Structure formats: structure tokens, C-alpha cells
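J.: return a 3D structure for these sequence lines:
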Amino acid sequence: MICFIDFKCYSEIVVSWSFSFFVKLILDVADSYAKIASCLEKSAAQETERDVQKLLARGADLFEKLKKLEARVGTDEELKLSDTLRYYMKDTQAAKDLLYRRMRCLANYEAANKNLERARGRNKDVPKAEAEQSEACKKFEEISEVAKGELQDLKKRRLAAFKKNLIDLADLEVKHAKVPFHSRELNVSAVKLRTHSPFFSA
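T.: Alright, predicted model coming up:
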């Protein structure tokens, strides 16, 4: 019996992958930080007052570090989550195509059976109809056996790949959450930037 593919699960994965645009948003944030850092760096280069120049340079350095953090998170999310969903979609689509070909072979086999019955009823071209029916039956049985093996293999690969990639993703997210040095450094820089900025002066 052909293994069952949870096509509802497949549909949910398609939707989940379409919502993985949040990865793009993370990378967009990183890109925005990079642009801000670039603008502050250019402003610092054009500034004549030394205190303001230092302030702008410090701000540029702050946003450059923020950019690196966001880019690293976005890249890891892209590699471990989006690629996992994309792989599953392609693999399952291949299995669906295989089942479709099996259905076509079944339809051909059923049509060959009907043609054989008609040929016997008319007592005409019976050997030809029998040969066609035998060939259609052979193709159907062959593709059924292939489909059974492919779907069983897909089930094993799917579970193994999901488990590995989601564990790796969780490990990476924990790793990103444990950045006390960078977080402390950026927080201190932000406080200094606010304290020394003439724009925030009372």
C-alpha cells in the first residue's frame, strides 16, 4: 500500500515558508543600520568640531555593530529555517509528482482493461489488446513499487532533516541570545551617545 503523505502538513509548510519574509525583514534592518552607520561616518568626516566628530564616529561604530548582529541572526535564520522549509517543499512536490504519474499509469491500465473487454466482445485484435493490457499492468506495478519506496524514504528523510535543522536553529538562537559582551557594549555606547548628544540636551 502506498504510504500516506500529509498534504495538509505540506500546505501548512508552504504557508510557513511564505511567512518566512521575517528573515528578509531582519536583513532589511541590518541594511538600514549599515546605511545609518555610513551616513554618520560621512558626517563625521565633514564635521569640523572635534567633539561632534567623535560623537558621530561613535554613533557610526554603534550602528555598524548592530548591523553585524542583525545580519548574523538573519543569515542563520535563512540557512536553518527557510532552507529547511524550502527543502521539504521541493522533496514533497517531487513525491506528489510521482503519485500523479502513478495515477496516470492506473488510468492507462484501467483503459487497457476496457479495451481488452471490448476486443474480446468483438473477437477482434485480442492479442494486441492483451499485449497493451499486460504492458500497462507492468508499468503500473513498477511505478507503484517505486512510489512506495520513495514515499517511505521521504518520511524518514523528512523527520531526520526537520529534527536536525530545527535543533541547529534552536542552538543558534540560544547562541545569539547569549551575547552579554556585545549587548553590554552596545547599551553603554547608546547611553554615552545620548548623554553627549546636543540633540538630547535639556
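J.: so is E142 in a helix, a strand, or just coil?
T.: Following DSSP: H, G, I helix; E, B strand; the rest coil, the label given to E142 is helix.
J.: from K114, how far off is the residue located most distally from the centre of the chain?
T.: In the chain, counting by C-alpha atoms, centre = their mean, N123 sits farthest out from the average C-alpha position, at 58.3 Å. Counting by C-beta to C-beta, to the nearest Å, the separation of N123 from K114 is 16 Å. To be clear about C-beta, it is placed using only N, CA and C from the backbone, and glycine gets the same treatment.
J.: which secondary element of this structure has the worst mean pLDDT?
T.: None of the helices or strands of the chain scores lower by mean pLDDT, DSSP states H and E than helix 180-196, at a mean of 51.
J.: in the protein, which spans are helices?
T.: For the chain, the helices defined by DSSP state H occupy 7-18, 21-46, 50-77, 83-122, 126-177, 180-196.
J.: okay, those helices, which one's buried deepest?
T.: Highest mean neighbour count of these: helix 50-77, a mean of 18 (counted as mean count of other C-beta atoms under 10 Å).
J.: what's the average pLDDT for that helix?
T.: Averaged across helix 50-77, the pLDDT comes to 82.
J.: who are the packing partners of that helix?
T.: Helix 50-77 sits against helix 21-46, helix 126-177, helix 180-196, with contacts defined as 3 or more C-beta pairs under 8 Å, 6 or more residues apart in numbering; DSSP states H and E.
J.: could you rerun that using 7 Å?
T.: helix 21-46, helix 180-196 (3 or more C-beta pairs under 7 Å, 6 or more residues apart in numbering; DSSP states H and E).
J.: how near is the most centrally placed residue in the chain to L169?
T.: Nearest to the mean C-alpha position of the chain, by C-alpha atoms, centre = their mean, lies S82 at 2.3 Å. Noted for S82: a distance of 10 Å to L169, by C-beta to C-beta.
J.: same question, K96
T.: K96 is 26 Å from L169, by C-beta to C-beta.
J.: before we move on, what about E150?
T.: Applying C-beta to C-beta to E150 and L169 gives a distance of 27 Å.
J.: and if you look at A129?
T.: For A129, the distance to L169 equals 57 Å [C-beta to C-beta].
J.: next: F162.
T.: F162 is 10 Å from L169, by C-beta to C-beta.
J.: ok, A34 next?
T.: Separation of A34 from L169 (C-beta to C-beta): 25 Å.
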